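S.K.: I'd like to go over a predicted model; first the sequence, then the structure.
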Amino acid sequence: MNSPLKVRDLAVAYQKKPVLKNISFSVPEGNLVGIIGPNGAGKSTLIKSILELIPSLTGEVEIFGSSYKASRKKVGYVPQRESVDWDFPTDALDVVTMGRYGHLGWVSRPRKKDRQIAMDCLEKVGMADFAGRQISQLSGGQQQRVFLARALAQDADLYFMDEPFVGVDAATEKAIISLLNELKQQGKTVLVVHHDLNTVKEYFDWIMLLNVELIGVGPTEELFTKEYLQKTYGGKLTLLDSAAAAPAGR
């Protein structure tokens, strides 16, 4: 299996409390991978530790056969919307243009070509008309689209997205999944922290079931079952039976 991401024996703790334990997995190239689990399972922590945004106690991360530092230009990241300072005085086009900095280095200024790429990415997410709008004046769904456009501008091969569907309207959710499928068709690999179990079968080829420890990782059709969901959610599993039993929407 060609794998852009391999993780071995990853462990993370906050104030000596284990948040992730013994995490080892690899994911296949060119797939949409949903990271699924209850609140507090360590889903966002997993992404942040892979991207070295937080320290890990143990573990190795291999991205395209190298360290994250060596492969940084190949990686795109969409953080949780609430973790972003939306009052920062900048407009949508500038935010998306920031996605080009990995191709420029920190000294060079964006070229006309980079601004055009940023505009093209805004167009793809339906936000070209808002290029000059301050990000603080955008709705939640519009802000999310801008951050997706920034990730697109990075022209990465491996993407991490932390709950991109949270707090967006139906039109934005449809636009996001359309974009994810386009990335997949281009051979990109996308890992998405996701909470809506009703759309898991429809959206993802693979899933990763996580609750501090890794419950399972593999094709959605094999792992999205009542048995695996019970192992993942335990006593919190209440109204999930219908989600596991529902047919895929593809």
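M.R.: It's in.

S.K.: could you pull out the helices for this structure?
M.R.: 43-50, 68-71, 92-97, 101-104, 112-124, 140-153, 170-185, 200-203, 220-223, 226-233, 241-245 (DSSP state H).

S.K.: Packing partners of the longest one?
M.R.: Packing partners of helix 170-185 (3 or more C-beta pairs under 8 Å, 6 or more residues apart in numbering; DSSP states H and E): strand 32-36, helix 140-153, strand 189-193. For the C-beta atoms, the positions are set from N, CA and C on the backbone; glycine is no exception.

S.K.: which of the residues in the last one are buried?
M.R.: Across strand 189-193, burial judged by 16 or more other C-beta atoms under 10 Å covers T189, V190, L191, V192, V193.

S.K.: quick one: which of the helices of the chain is nearest V7?
M.R.: With C-beta to C-beta, the closest approach to V7 among the helices of the chain belongs to helix 43-50: 6.7 Å.

S.K.: what's the angle from the closest one to strand 32-36?
M.R.: Between helix 43-50 and strand 32-36, the angle comes out at 120 degrees (axes from the mean of the first three to the mean of the last three C-alpha atoms, to 10 degrees).

S.K.: I would like the residues contacting helix 43-50, please.
M.R.: With contact meaning C-beta atoms under 8 Å, 6 or more residues apart in numbering, helix 43-50 is reached by 5, 7, 10, 12, 19-20, 23, 35-37, 54-56, 59, 61, 63, 68, 77, 80, 160, 162-163, 191, 193, 210.

S.K.: Name the surrounding residues that touch stretch 52-64.
M.R.: Here stretch 52-64 makes contact (C-beta under 8 Å, 6+ apart) with 4-13, 20, 23, 45, 48-50, 67-69, 71, 74-75, 157-158.

S.K.: again, 7 Å this time
M.R.: Residues from elsewhere that reach stretch 52-64 (C-beta atoms under 7 Å, 6 or more residues apart in numbering): 4-13, 45, 48-50, 68, 71, 74-75, 158.

S.K.: What's the separation between the spatially most distant residue from the centre of the chain and A118?
M.R.: Ranked by distance from the centre of the chain (C-alpha atoms, centre = their mean), the top residue is K112, with 28.6 Å. To A118, K112 is 11 Å away according to C-beta to C-beta, to the nearest Å.

S.K.: Pass me the low-pLDDT residue ranges in this protein, would you?
M.R.: 1, 102-108, 235-250 (pLDDT under 70).

S.K.: what's the closest non-adjacent residue to F25?
M.R.: Once flanking residues are discounted, F25 sits nearest to V217: 4.6 Å by C-beta to C-beta, 6 or more residues apart in numbering.

S.K.: wait, what's in contact with that neighbour?
M.R.: Going by C-beta under 7 Å, 6+ apart, V217 touches F25, W206, M208.

S.K.: is it true that the first one touches D9?
M.R.: No. Using C-beta atoms under 7 Å, F25 is not in contact with D9; the gap is 10.8 Å.

S.K.: Mind checking which of these two has more residues around it?
M.R.: Taking other C-beta atoms under 10 Å, F25 and D9 do not tie; F25 has more neighbours (18 against 13).

S.K.: can you pull the contacts of the more buried one?
M.R.: F25 sits in contact with V7, M208, L214, V217, where contact means C-beta under 7 Å, 6+ apart.

S.K.: One more: V7?
M.R.: I23, S24, F25, I50, G59, V61.

S.K.: one more time with 6 Å, if that's ok
M.R.: Residues in contact with V7 (C-beta atoms under 6 Å, 6 or more residues apart in numbering) are I23, F25, V61.

S.K.: how much space between it and A151?
M.R.: Distance from V7 to A151, by C-beta to C-beta: 21 Å.

S.K.: ok, back up a step: of the contacts of helix 43-50, buried ones?
M.R.: 5, 7, 10, 12, 19-20, 23, 35-37, 56, 59, 61, 63, 68, 77, 80, 160, 162-163, 191, 193, 210.

S.K.: In stretch 79-93, which residues are buried?
M.R.: P79, Q80, R81, V84, W86, D91, A92, L93.
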